[in-house]
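Engineer: With the sequence up front, the predicted model follows.
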Number of protein chains: 2
Amino acid sequence: MSQNGVGVDLDKSLGYLLKEASSALRAAMEEVLRPLGMSVTHYSCLELLAQRPGLSNSELARGAFVTRQSMNVLLQALERDGYVTRPAEARVGKVLPAQLTPRGRRSLEKATVAVRSVEVRMLAGMTETEQSGAFRILQSMIHSLRDGDGDDGA
Amino acid sequence: MSQNGVGVDLDKSLGYLLKEASSALRAAMEEVLRPLGMSVTHYSCLELLAQRPGLSNSELARGAFVTRQSMNVLLQALERDGYVTRPAEARVGKVLPAQLTPRGRRSLEKATVAVRSVEVRMLAGMTETEQSGAFRILQSMIHSLRDGDGDDGA
DNA sequence: GAATGTATGTCAGACTTCTGACATGAGTCA
DNA sequence: TGACTCATGTCAGAAGTCTGACATACATTC
């Protein structure tokens, strides 16, 4: 079970640790959202719409880190069940701005409380300084990863 | 596109940022692994086996953050294609220790190089101190999230 | 020794997400 | 105006992952 001395040192890889943390966060969120009959992507979509009303399907997809095809499947279900509304036709271009219905907003309320409790638990034992340090570091990672996106920027 | 002043402040959520970073890492890994015909889970499985030969299906699943059923599907394919071997019968219990074949090891080599380059890119612009800080912070998050796993430990 | 609890490997089916493809609309540029 | 590029919404099929279930094997307890 412990290190075999091979040398690649998975135990010390920040990438692995990042994946581990993200996995733990997702699991914790799933756990508190399940009783509400909501998946993480489902919640993400609603939360995004609450904070930025009028987001399009593609924008929601980017915000929830899935493809626009996946988000479309979800959005159609949410629309069918009355959590979200979209105009039948686009006022400009093809973009259909989505809005939460009162039902969607109501459904989101409990979920937000549950998710926030998870985030609070995650941050437990970290000082303010450490939290802002984590913020900076994660942003640095994101920027570095997206910077050279396969093509060298030479 | 920018903050609407609603108040939940997704932009400042460490949970969201963690998901964003993890998503960027996964995307970067997929990008370099795709030319090698390998998925992230596929690579994770091989890397785990290289570092800890003899891991069982269930242990590999935990290491790659998927269910043992998902890992089983992958393992059977890897076995069929000659990247991995498992004994036909368990020497003790039901555990079947898996091993990389020479072909599996060869296949892993290029992938390891590719993935390491991604990790190096991710860490670019971070000092040693920041990296160890990131390490500690991520571990703290993981521990806190798993600590109270739904039931209060009272 | 028997009963219980826990962990494993595996099969089957359902669900989610993805890749590929197409048509449409806006913006740019000659 | 016309050609070109880019982004969007959407459909269809494929691939990956999950939940549920079952049989089996070990450990603990009585």
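Structural biologist: Happy to help now that I have it. Residues are numbered from 1 along each chain as shown, chains lettered A, B, ... in the order given.

Engineer: for A:L49, what are its contacts?
Structural biologist: By C-beta atoms under 8 Å, 6 or more residues apart in numbering or on different chains, A:L49 lies in contact with A:55, A:60, A:84, A:98-100, A:104. Every C-beta, even on glycine, is put in place using the N, C-alpha and C of the backbone.

Engineer: Can the helix or strand where A:A77 lies be said to contact DNA strand C?
Structural biologist: Following DSSP states H and E, one finds A:A77 within helix A:68-80. Yes. Applying C-beta under 7 Å from any atom of the strand, one finds helix A:68-80 touching DNA strand C at A:69-70, A:73-74.

Engineer: and if you look at stretch A:34-42?
Structural biologist: Yes. Using C-beta under 7 Å from any atom of the strand, stretch A:34-42 reaches DNA strand C at A:39-41.

Engineer: Which of those residues sits closest to B:S22?
Structural biologist: Among these, A:V40 lies closest to B:S22 (C-beta to C-beta), at 12.4 Å.

Engineer: residue contacts, that closest one?
Structural biologist: Contact analysis of A:V40 by C-beta under 8 Å, 6+ apart lists A:26, A:29-30, A:33.

Engineer: now do A:V115
Structural biologist: Shown in contact with A:V115 (C-beta under 8 Å, 6+ apart): A:29, A:32-33, A:43, A:47, B:15.

Engineer: make it 6 Å
Structural biologist: Contacts for A:V115 (C-beta atoms under 6 Å, 6 or more residues apart in numbering or on different chains) come out as A:M29.

Engineer: Tell me how far it lies from A:S23.
Structural biologist: A:V115 sits 16 Å away from A:S23, taking C-beta to C-beta, to the nearest Å as the criterion.

Engineer: Work out for me the element A:L18 sits within.
Structural biologist: Secondary structure assigned from DSSP H and E places A:L18 in helix A:14-33.

Engineer: Next, the angle from that helix to helix B:14-33.
Structural biologist: Here the directions of helix A:14-33 and helix B:14-33 differ by 130 degrees (axes from the mean of the first three to the mean of the last three C-alpha atoms, to 10 degrees).

Engineer: does any part of helix A:14-33 sit near DNA strand C?
Structural biologist: No. Helix A:14-33 is not in contact with DNA strand C by C-beta under 7 Å from any atom of the strand; minimum separation 10.2 Å.

Engineer: related to what we said a few turns ago, ok, the residues of stretch A:34-42 next to DNA strand C vs DNA strand C, which is closest?
Structural biologist: DNA strand C lies nearest to A:T41 out of the residues of stretch A:34-42 next to DNA strand C, by C-beta to the nearest atom of the strand, at 3.7 Å.

Engineer: gap between whatever helix or strand that closest one lives in and the chain center?
Structural biologist: Using DSSP H and E, A:T41 falls within helix A:40-51. Here the centre of helix A:40-51 is set off from its chain's centre by 8 Å, with C-alpha atoms, centre = their mean, to the nearest Å.

Engineer: what mean pLDDT would you report for that helix?
Structural biologist: For helix A:40-51, the mean pLDDT works out to 97.

Engineer: Keeping just the C-alphas, turn that helix into PDB.
Structural biologist: As requested, the backbone C-alpha atoms of helix A:40-51 are provided in PDB (Å, rounded to 0.1, in the frame of the first residue of the first chain):
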ATOM      1  CA  VAL A  40     -23.900  18.800  -8.900                       C
ATOM      2  CA  THR A  41     -24.300  19.900 -12.500                       C
ATOM      3  CA  HIS A  42     -28.000  20.500 -11.900                       C
ATOM      4  CA  TYR A  43     -27.200  22.700  -8.900                       C
ATOM      5  CA  SER A  44     -24.400  24.500 -10.700                       C
ATOM      6  CA  CYS A  45     -26.700  25.500 -13.500                       C
ATOM      7  CA  LEU A  46     -29.300  26.900 -11.100                       C
ATOM      8  CA  GLU A  47     -26.700  28.800  -9.100                       C
ATOM      9  CA  LEU A  48     -25.200  30.300 -12.200                       C
ATOM     10  CA  LEU A  49     -28.600  31.400 -13.300                       C
ATOM     11  CA  ALA A  50     -29.400  32.900 -10.000                       C
ATOM     12  CA  GLN A  51     -26.200  35.000 -10.000                       C
END
